[in-house]
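Trainee: sequence and computational prediction follow.
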Amino acid sequence: MAKRIDIRNLGASYGKFLAVSGVDLSIEPRSVTALIGPSGCGKSTVLRTLNRMHEVVAGAAVHGDVLLEGESIYAAGVDPVTVRRSIGMVFQRPNPFPTMSIYDNVVAGLRLGGGRLRRSVLDDVVESSLRATNLWKEVESRLDRPGAALSGGQQQRLCIARAIAVQPDVLLMDEPCSALDPISTLAIEDLIHALKDTYTIVIVTHNMQQAARVSTRTAFFDLAGIGEAGHLVEVDDTETIFSNPSDPRTEGYISGRFG
Amino acid sequence: MRDVYHDELDDVGRKVVQGAHLVSIAMDTATKALLAGGADLADRVVAEDRFVDQLSSDIEDHCFALIAQQQPVATDLRVLIGSIRLAGDLERMGDLAGHVAKVARRRLPERAVPADVRDVIAAMGATARLLVTKAAEVVDGRDIELAREIEHEDDHMDELRRTLFSKVLSPQWPHGVEAAIDLTLLGRYYERYADHAVAVARQVMFIVTGEPPAMRRTPSSAGPGGAVHAQIRSSQSP
């Protein structure tokens, strides 16, 4: 199920502004890759190019290519919706569908896919997705309650359950813990650790200790100056990045010696 | 906040250099006490070892607090882990200088070092001084080239110890068992002191390059007293 991603000479722009350029990065299946770097370095933009979410912004364009298990997701005739189905995404702020119950939130993706699914099939998906996100025990007695009534940490786990309910190949996470308290953060981190065995995970985080804790590989992005395009400086095993990085810019960033 | 943290990291580095100077003075004074037979010199070394112990414990506490509070990574983390290990080496070097001073003290008013081995002991003292001075420079300047040189100096120390043992183990040794034991111990103390100076240099190489410090490859690494046993075997063979 988990698939590899190869990013080839990728660039992304918003109108005339080139946000990030020249990114070459390979992401192995069943691994967690953390994208780190200062604000404006293009890490979130890169993440959003991986499931064609970048282009939903007016005037946005992508150059280069992204291969999912060798197949370009930008090839002519590829439906972006199909791409987003196999490459799920979790956002910074938990965003359960506010009017839907917990149950309906989890199966929303499946229902959108069309076709009528038997209730027993949906029940199984809801239970397995909520179990996978360690939420089942907390909500099994109130699946019909609104998803928005859960705590922030529970909402984020609900969003992850919703993302994995459609059985994606890859899970993208854009600062999934930045709106959460430390306990909910640890719950999400434990979850990432467990999901790594099944999915390819790419996470953008501003929290370097989080990158150090959860990821197997870390990619450091930087930008030469304000208004310049961000670029990939270095990618390596997380242990190497945090103990002995090759590039002095990486060292400066992770040890807090900026500029 | 970060500036304070970086100042504190520098402070750890300065304490390590200071520790290297303290153990250098200690061993130098102990060697003088040994060769010149001064009780006050020997007493001073033994008494002042507590400053090295205190400094070593300060370095460890400081590193511990910075690791707990600042989540250091990369070079910063290597500096702190390296400094904790350096503190251990310095503490041992201070103890070894104290041991040398105690040998000097114990034999008073006699001299622990008979006239015909004074040269070897003096050379061991001088080599120890040279090694620790260089080790302090290595720490201060994070000088990798100098760190590599230290290994060669250490080979010289091992050679001096072999010379000392061949004299003590000679059938013509005229100074009796007690002097032989003292000199064997002294040889061991100087040689261990030098090994710790090498360990200091290697920790600095680890801090700078991130390569884990290599294992020792001297004869003594074959096991405690390995060189001595080899020496005894060779002196017993016809």
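Mentor: Thanks, I have it. Residues are numbered from 1 along each chain as shown, chains lettered A, B, ... in the order given.
Trainee: part of a helix, is B:Leu55?
Mentor: Yes: counting by DSSP: H, G, I helix; E, B strand; the rest coil, B:Leu55 is part of a helix.
Trainee: excluding chain neighbours, what is closest to the residue in chain B that chain A sits nearest to?
Mentor: Closest residue of chain B to chain A, C-beta to the nearest C-beta: B:Gly210 (3.2 Å). Glycine gets a C-beta too; all of them are placed from N, C-alpha and C. With C-beta to C-beta, 6 or more residues apart in numbering or on different chains as the criterion, B:Gly210 has its nearest non-adjacent residue at 3.2 Å, and that residue is A:Asn244.
Trainee: need the contact list for the one you found.
Mentor: B:74, B:78, B:209-210 (C-beta atoms under 8 Å, 6 or more residues apart in numbering or on different chains).
Trainee: tell me which two of the residues you listed sit farthest apart.
Mentor: Pairwise distances across those (C-beta to C-beta) peak at 12.2 Å, for the pair B:Ala74 and B:Thr209.
Trainee: neighbour count for these two, which is higher?
Mentor: Remark: of B:Ala74 and B:Thr209, B:Ala74 carries more neighbours, 22 against 12, as counted by other C-beta atoms under 10 Å in any protein chain shown.
Trainee: wait, that one sits on A:Tyr253?
Mentor: No: if you go by C-beta atoms under 8 Å, B:Ala74 and A:Tyr253 don't touch, sitting 9.7 Å apart.
Trainee: name the residues that touch stretch A:74-91?
Mentor: Looking at what lies outside stretch A:74-91 - C-beta under 8 Å, 6+ apart - the contacts are A:3, A:50-53, A:55, A:62, A:65-66, A:68, A:72-73, A:109, A:113, A:156, A:159-160, A:163-164, A:166, A:168-174, A:176.
Trainee: mind checking which of these land in helices?
Mentor: A:109, A:156, A:159-160, A:163-164 (DSSP state H).
Trainee: nearest to chain B among those residues?
Mentor: A:Gln156 (23.5 Å).
Trainee: test my guess that that closest one contacts A:Ile188.
Mentor: Yes: counting by C-beta under 8 Å, A:Gln156 touches A:Ile188, with 6.1 Å between them.
Trainee: out of the two, which sits in the busier spot?
Mentor: The residue with more neighbours, out of A:Gln156 and A:Ile188, is A:Gln156; 30 against 23, by other C-beta under 10 Å.
Trainee: quick one: residues contacting that one.
Mentor: Counting by C-beta under 8 Å, 6+ apart, A:Gln156 has contacts A:90, A:94, A:176-177, A:179-180, A:184, A:188.
Trainee: of all pairs in the residues you listed, which one spans the longest distance?
Mentor: A:Val90 and A:Ser184 (13.3 Å).
Trainee: the more surrounded of the two?
Mentor: A:Val90 (23 against 19).
Trainee: what sits against the closest residue to B:Leu80 other than its chain neighbours?
Mentor: Spatial nearest neighbour of B:Leu80, excluding adjacent residues (C-beta to C-beta, 6+ apart): B:Cys63 at 4.4 Å. Contacts here follow C-beta under 8 Å, 6+ apart; on that basis B:Cys63 touches B:12, B:80-81, B:83-84, B:87.
Trainee: before we move on, what about A:Ala212?
Mentor: Counted by C-beta under 8 Å, 6+ apart, A:Ala212 has contacts A:218, A:238, A:242, B:73.
Trainee: looking at the residue positioned nearest the centre of chain B now. What's its pLDDT?
Mentor: Note on chain B: the residue nearest the mean C-alpha position is B:Tyr193, at 2.4 Å, using C-alpha atoms, centre = their mean. On the pLDDT scale, B:Tyr193 is placed at 97.
Trainee: at the contact with chain A, which residues of chain B appear?
Mentor: Proximity of chain B to chain A (C-beta under 8 Å from any C-beta of the partner chain) is limited to residues B:2, B:5-6, B:71-78, B:209-210.
Trainee: ok, A:Glu28 - contacts?
Mentor: Residues in contact with A:Glu28, defined by C-beta under 8 Å, 6+ apart, are A:4, A:200, A:217.
Trainee: state the distance from whichever residue of the stretch 51-200 of chain A sits closest to chain B to A:Ile188.
Mentor: With C-beta to the nearest C-beta as the measure, A:Pro182 is the residue of the stretch 51-200 of chain A nearest to chain B, at 13.9 Å. Distance of A:Pro182 to A:Ile188, computed by C-beta to C-beta, to the nearest Å: 11 Å.
Trainee: who are the contact partners of the residue of the stretch 1-150 of chain A found nearest chain B?
Mentor: Closest to chain B within the stretch 1-150 of chain A is A:Ile36: 11.4 Å, counting by C-beta to the nearest C-beta. Counting by C-beta under 8 Å, 6+ apart, A:Ile36 makes contact with A:43, A:204-206, A:208, A:211, A:218-221, A:253-254.
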